[in-house]
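*Asks:* Quick one, structure for this:
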Amino acid sequence: MLRVHHRTADVDGVRVAYRESGPADGPVLLLLHGFPTSSHQFARLMDALGGTPYRLIAPDYPGFGRTETPAGFTYTFDRLADIVEGFTDALGLDRYALYVFDYGAPVGLRLAVRRPGRVTGLIVQNGNAYEEGLSDAARAFAGHRREVPGDEEKVRALFSPEGIRFQYEAGVADPALVSPDGRTLDVHYVGLPGRADAQADLAFDYSSNFARYPAWQAWLRESGVPVLVVWGAGDPFFVPAGAKAYLRDAPEAEVHLLEGAGHFALETHLGEIVPLVEVFLAKLP
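*Replies:* Numbering: from 1, shown residues only. Purely as a prediction, here's the structure:
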């Protein structure tokens with residue numbers, strides 16, 4: 001039976017909560033979650049990958065899940081990357097494959113650029129790094145400005161209970177396949193004191209990622225790391241063109257568009273994603 005450990009690590013005043021399973025001496029797969037969820041989104045995937053030799057590690061970012069932050073913490077994508085980078089140092093993770101989803105892409109790709117020799121492979125699940133991957137809805141979301149009247153209300157609507165449910169179900173062929181458990185837990189965590197403010201800060205910082213796209217694309221070209229892209233084709237935020245765009249800088253990448261899946265593709269297409277990930281990991285050095 002697979003044992004998943006729930007641990008914490010202190011990084012620069014932040015108590016980072018994380019899930020860990022697999023052999024302590026195995027090669028590492030670092031799983032970086034999205035918005036507005038937490039490492040919980042990988043719970044079923046971690047169970048399913050229990051037969052691999054990999055050590056699976058999934059942290060909660062500051063402002064998400066069970067991670068605790070000090071008063072005055074600045075919520076930006078640079079700071080999320082700082083904490084995750086410090087987390088990898090604290091755990092002694094000097095080599096790892098990355099699994100990035102949604103917000104995990106700007107966090108993980110910042111790590112890759114900062115520590116390029118550490119990444120052995122990259123799995124991308126609906127994590128954007130290209131202009132053509134942005135839907136009109138994503139562009140509108142990123143275009144909101146705190147100083148513009150009404151924009152903050154629009155941003156906060158996306159992490160209301162209704163907004164969170166929309167993210168899970170939009171673009172899904174059969175919404176009845178989406179368990180309510182994930183979104184219910186997300187609503188709980190976003191409702192904790194200070195969490196909605198943290199999410200709003202990150203939402204207004206999201207456009208800072210666009211200027212980083214060329215550097216991330218250059219890393220893909222120059223590193224030559226193996227890349228697997230699995231993408232819910234019905235994603236209302238990150239469209240399939242963003243998945244195919246990875247081939248421009250990683251021409252050997254495997255790209256799989258999952259019809260009937262939305263943004264949270266693991267919720268409905270775990271059975272299709274797991275064997276792709278297993279085969280990919282088995283090929284890594």
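*Asks:* you'd agree residue 223 is up against residue 112?
*Replies:* Yes. The pair residue 223 / residue 112 is scored as a contact, 7.4 Å apart, by C-beta atoms under 8 Å. Heads up, the C-betas are built off the backbone N, CA and C, glycines and all.
*Asks:* Of those two, give the one with the bigger neighbour count.
*Replies:* A count of neighbours by other C-beta atoms under 10 Å puts residue 112 above the other of residue 223 and residue 112, at 20 against 17.
*Asks:* How about that one, nearest residue that isn't a chain neighbour?
*Replies:* Ranked by C-beta to C-beta, 6 or more residues apart in numbering and with sequence neighbours excluded, the top spatial neighbour of residue 112 is residue 119, at 5.0 Å.
*Asks:* shared neighbours of residue 223 and residue 112, anything?
*Replies:* residue 119 (C-beta atoms under 8 Å, 6 or more residues apart in numbering).
*Asks:* so where do the strands sit in the chain?
*Replies:* Assigned strands in the chain, in chain order: 4-11, 14-21, 28-32, 55-59, 96-101, 119-125, 227-232, 254-258 (criterion: DSSP state E).
*Asks:* Name the strands paired with the fifth one and say parallel or antiparallel.
*Replies:* Sheet neighbours of strand 96-101, with direction, are listed as strand 28-32 (parallel), strand 119-125 (parallel) (DSSP bridges).
*Asks:* what's next to the last one, contact-wise?
*Replies:* Defining contact as C-beta under 8 Å, 6+ apart, one finds that strand 119-125 is touched by 27, 95-101, 105, 108, 111-112, 220, 223, 225-232, 243, 246, 265-266, 273, 277, 280-281, 284-285.
*Asks:* hmm, try it at 6 Å
*Replies:* 95, 97-101, 112, 225-230, 284 (C-beta atoms under 6 Å, 6 or more residues apart in numbering).
*Asks:* Tabulate these (a markdown table), appending pLDDT and distance to residue 46.
*Replies:* Below are the contacts of strand 119-125 laid out as a markdown table (pLDDT from 0 to 100; distance: C-beta to C-beta, whole Å):
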| residue | pLDDT | distance to residue 46 |
| --- | --- | --- |
| 95 | 97 | 19 |
| 97 | 98 | 14 |
| 98 | 98 | 15 |
| 99 | 99 | 10 |
| 100 | 98 | 15 |
| 101 | 98 | 13 |
| 112 | 98 | 22 |
| 225 | 98 | 22 |
| 226 | 98 | 21 |
| 227 | 98 | 21 |
| 228 | 99 | 17 |
| 229 | 99 | 20 |
| 230 | 98 | 16 |
| 284 | 96 | 18 |
